[in-house]
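J.: Please find the sequence and the predicted model below.
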Amino acid sequence: MNAGQRVIVIGAGIGGLTAGALLAYRGYSVLILDQAIVPGGCASTFERRGFTFDVGATQVAGLEPGGIHHRIFTELGIELPVATPCDPACAVFLPGETEPIQVWRDPQKWQQERQRQFPGSEPLWQLMATLFQASWRFQARDPVLPPRNLWDLWQLIQAVRPDTLITLPFALMTVADALRLYNLQDNLRLKTFLDLQLKLYSQVDTEETALLYAATALGVSQEPQGLSHLQGSMQVLSDRLVQALERDGGKLLMRHTVEGIETENGQAVAVRIRNQKTGEIWRERADQIVANVTVQNLIQLLDEKPKNPRQTLSISFPLYQRRIEKLPPASGAFVIYLGVQQQAIPTNCPPHLQFLYDYQGVIGENNSLFVSVSHPGDGRAPEGQATIIASSFTDTQQWWQCSDYQQLKQHYTDTAINRLKSYFDLTPETIIYQEAATPRTFERYTARAQGVVGGVGQRISTFGPFGLANRTPIQHLWLVGDSTHPGEGTAGVSYSALTVVRQIQALKTRI
């Protein structure tokens, strides 16, 4: 048992809740703190006039046997949420086209679709499929990437077997390199389709996305894996993790802000907490501190001068801080939430769609929209009504530096609705409720610095062995969430949480 070990988790996103629930189940004393009203972070929900809106994440991977959510829920002894397979996983509309590219769940249907849509590209897809299978087997063996000590390295070595060595020659390639390898770099439709999909998963396009990451992200949509649409809302994931946490003696405090992490001799030892309701501030000591925050937020929590000579950061921390400061800016999101009459939704509408409106424009800034649509009976809307959530990547800086924030917000809202009208029947009669969110909104409700969404872009320089580790330069301080390997999404952050739990447990049995 680990009853004497006190763990504080900063942030009740899926990564923090998963780490906290697993640690509590394994005998640790766990306290999770979050400044928001409800748990879940970017996978939480809110309600308006009978509609339930998913804040950010709208689809889930990893519910299948062997998938990360299935593994974790099985260990915790809690039921998996009811979910509907997404088939197609997404319908993608390129500029000027009325027939979508359907990303089917069935591998054979998807193969037929891509061969019809992108003639001559099958060698590329076969390479991606081969890399996906090898990468999936590798990830299933729970490697620690990037390794930061001998124990981490040993876990990595154990995960590398002959059936994964096929990935090595491609480890430093981008998707654009693969397109050039097969003379597909001038195929505008194919490249644009890949750019749209990769922007969702990796935050960057074909020119920058690591090929191995792309193979995994694009391959997870097909059986025996697949994406799912949860019954009710995304909130069910966090609610069940909270139930497991509290069942095993852990505690969750919402509306409590962590204002700083205290260190002594290069070790994290305590956090300063403020109760948002009462204003009370106190200090809580811990043996381990797990931060489910962006890496930029983590630096802010540690960015202070020590109060006495014993409170010193590690020697390597300045190098870590400089690396974070040099990361390319992360994207924000503009999101519009609509509650509509069911008649506004076309018949047989897929649950997820992507639209690009102009080849000459950027991906984002309302030139592209990722849209999630509720289905009758899925718990997100009253009978005869539905929800539409449309999001677009956006530069965060313009939202903080603009001279008229409300005017900019209204402009983005009007543009998004006008573009959605080309597919949905949106009129004053069919729109019942409407609300928009910007990076400012996301910072207010999630506390993510600058309101960024997603994680660190999965470039070669920030993926796999070159990514950000769960171990930080401060001993007993751990990072989970979408800043770390293997990236964003509820499945990715859950992998990071499981890795941290294993690393904390290994402290007593280090090789």
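T.: Arrived safely. Numbering: from 1, shown residues only.
J.: what about A436, is that helix, strand or coil?
T.: What DSSP: H, G, I helix; E, B strand; the rest coil gives for A436 is strand.
J.: in this structure, what spans have low per-residue confidence?
T.: Scanning the chain for pLDDT under 70 picks out the ranges 1-3, 303-315, 509-511.
J.: Now do the same contact list for N187.
T.: F118, G120, S121, L179 (C-beta atoms under 8 Å, 6 or more residues apart in numbering). Where you see a C-beta, it was placed from the backbone N, CA and C, and this is true even at glycine.
J.: Could you identify the buried members of the residues you listed?
T.: F118, S121, L179 (16 or more other C-beta atoms under 10 Å).
J.: show me where the stretch 51-200 of the chain has strands.
T.: 51-54, 60-61, 83-85, 90-93, 101-103 (DSSP state E, counting those that start in this stretch).
J.: just the buried ones among the contacts of N187 now: which is nearest Q300?
T.: L179 (38.6 Å; C-beta to C-beta).
J.: Which residue comes closest to that closest one once chain neighbours are left out?
T.: Q185 (4.7 Å; C-beta to C-beta, 6 or more residues apart in numbering).
J.: Angles on the backbone of that neighbour, please.
T.: phi -70, psi -20 (degrees, to the nearest 10).
J.: Using PDB, write out every CA atom in stretch 436-449.
T.: In PDB, the C-alpha atoms belonging to stretch 436-449 read as follows (Å, rounded to 0.1, in the frame of the first residue of the first chain):
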ATOM      1  CA  ALA A 436     -19.700  31.800 -29.400                       C
ATOM      2  CA  ALA A 437     -16.300  31.200 -27.700                       C
ATOM      3  CA  THR A 438     -12.900  32.700 -28.500                       C
ATOM      4  CA  PRO A 439      -9.400  32.100 -27.000                       C
ATOM      5  CA  ARG A 440     -10.400  34.700 -24.300                       C
ATOM      6  CA  THR A 441     -13.400  32.500 -23.400                       C
ATOM      7  CA  PHE A 442     -11.200  29.400 -23.200                       C
ATOM      8  CA  GLU A 443      -8.700  31.000 -21.000                       C
ATOM      9  CA  ARG A 444     -11.400  32.200 -18.600                       C
ATOM     10  CA  TYR A 445     -13.000  28.800 -18.300                       C
ATOM     11  CA  THR A 446     -10.000  26.400 -18.600                       C
ATOM     12  CA  ALA A 447      -7.100  28.700 -17.400                       C
ATOM     13  CA  ARG A 448      -5.000  27.600 -20.400                       C
ATOM     14  CA  ALA A 449      -2.500  30.300 -21.100                       C
END
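J.: Give me the distance between that stretch and the centre of its chain.
T.: Distance, stretch centre to chain centre, for stretch 436-449: 15 Å (C-alpha atoms, centre = their mean, to the nearest Å).
J.: Other residues contacting that stretch?
T.: With C-beta under 8 Å, 6+ apart, stretch 436-449 has contacts from 35-36, 41-42, 55-56, 257, 293-294, 296-297, 300, 332-337, 394, 396, 399-400, 405, 409, 412-413, 416, 450-453.
J.: Kindly recompute the last result at 7 Å.
T.: 35-36, 41-42, 294, 296-297, 300, 332-336, 394, 396, 399, 409, 413, 450-451, 453 (C-beta atoms under 7 Å, 6 or more residues apart in numbering).
J.: thinking again about what came up before, any idea how far the residue nearest to L179 is from A178?
T.: Going from Q185 to A178 by C-beta to C-beta, to the nearest Å gives 10 Å.
J.: More neighbours: these two, which one.
T.: A178 (22 against 15; other C-beta atoms under 10 Å).
J.: just checking, that one touches A210?
T.: No: between A178 and A210 there is no contact under C-beta atoms under 7 Å: 10.7 Å.
J.: quick one, which of the strands of the stretch 51-200 of the chain is nearest to L150?
T.: Using C-beta to C-beta, the strands of the stretch 51-200 of the chain put strand 60-61 closest to L150, at 31.7 Å.
J.: That closest one pairs with which strands, parallel or anti?
T.: Strand pairing for strand 60-61, determined by DSSP bridges: strand 227-230 (antiparallel).
J.: For the residue lying closest to A491 once chain neighbours are set aside, which residues are in contact?
T.: Leaving aside its sequence neighbours, A491 sits nearest to G62 (C-beta to C-beta, 6+ apart; 3.8 Å). For G62, the contact set (C-beta under 7 Å, 6+ apart) comprises I68, H69, H70, A491, S494.
J.: Count the residues that sit near the last one.
T.: What it means is S494. 27.
J.: That one contacts T18, doesn't it?
T.: Yes: at 4.9 Å, S494 counts as touching T18 under the criterion of C-beta under 7 Å.
J.: Need the residues touching each of those two.
T.: With C-beta under 7 Å, 6+ apart as the test, S494 and T18 both reach I72.
J.: can you list the contacts of N187 in a markdown table and add distance to V500?
T.: As requested, the contacts of N187 are exported to a markdown table (distance: C-beta to C-beta, whole Å):
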| residue | distance to V500 |
| --- | --- |
| F118 | 40 |
| G120 | 44 |
| S121 | 39 |
| L179 | 36 |
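J.: Out of the residues you listed, which sit inside helices?
T.: L179 (DSSP state H).
J.: mind putting the strands of the stretch 51-200 of the chain in a markdown table, distance to P328 and mean neighbour count included?
T.: Formatted as a markdown table, the strands of the stretch 51-200 of the chain follow (distance: least, C-beta to C-beta, whole Å; neighbours: other C-beta atoms under 10 Å):
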| stretch | distance to P328 | mean neighbour count |
| --- | --- | --- |
| strand 51-54 | 27 | 22 |
| strand 60-61 | 25 | 24 |
| strand 83-85 | 34 | 15 |
| strand 90-93 | 25 | 22 |
| strand 101-103 | 27 | 22 |
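J.: Can you tell me which of the contacts of stretch 436-449 are classed as buried?
T.: 35-36, 41-42, 294, 296-297, 332-336, 394, 396, 399, 409, 413, 450-451, 453.
J.: Those residues in helices, which ones?
T.: Filtering the buried ones among the contacts of stretch 436-449 for helices - DSSP H - leaves Q296, N297, T396, W399, K409, T413.
J.: Could I get the full set of helices for the stretch 201-350 of the chain?
T.: Residue ranges of the helices in the stretch 201-350 of the chain, as given by DSSP state H, counting those that start in this stretch, are 211-219, 235-247, 295-302, 317-325.
J.: From what I see, G260 and R272 are in contact.
T.: Yes: using C-beta under 7 Å, G260 is in contact with R272, at 4.6 Å.
J.: Out of the strands of the stretch 51-200 of the chain, the one nearest Q231 is which?
T.: That would be strand 83-85 among the strands of the stretch 51-200 of the chain, by C-beta to C-beta, at 6.4 Å.
J.: any idea how far the closest one is from the chain center?
T.: The mean C-alpha position of strand 83-85 is separated from the chain mean by 19 Å, C-alpha atoms, centre = their mean.
J.: Sheet partners, orientation included, of it?
T.: strand 227-230 (antiparallel).
J.: and for the partner strand, what are the contacting residues?
T.: For strand 227-230, using C-beta under 7 Å, 6+ apart, the contacting residues are 59-61, 63, 81, 83-86, 89, 221, 236, 351, 378.
J.: how about G226, what does it touch?
T.: E64, P85, R105.
J.: Then P143?
T.: Neighbours of P143 in contact, by C-beta under 7 Å, 6+ apart: Q155, L156, A159.
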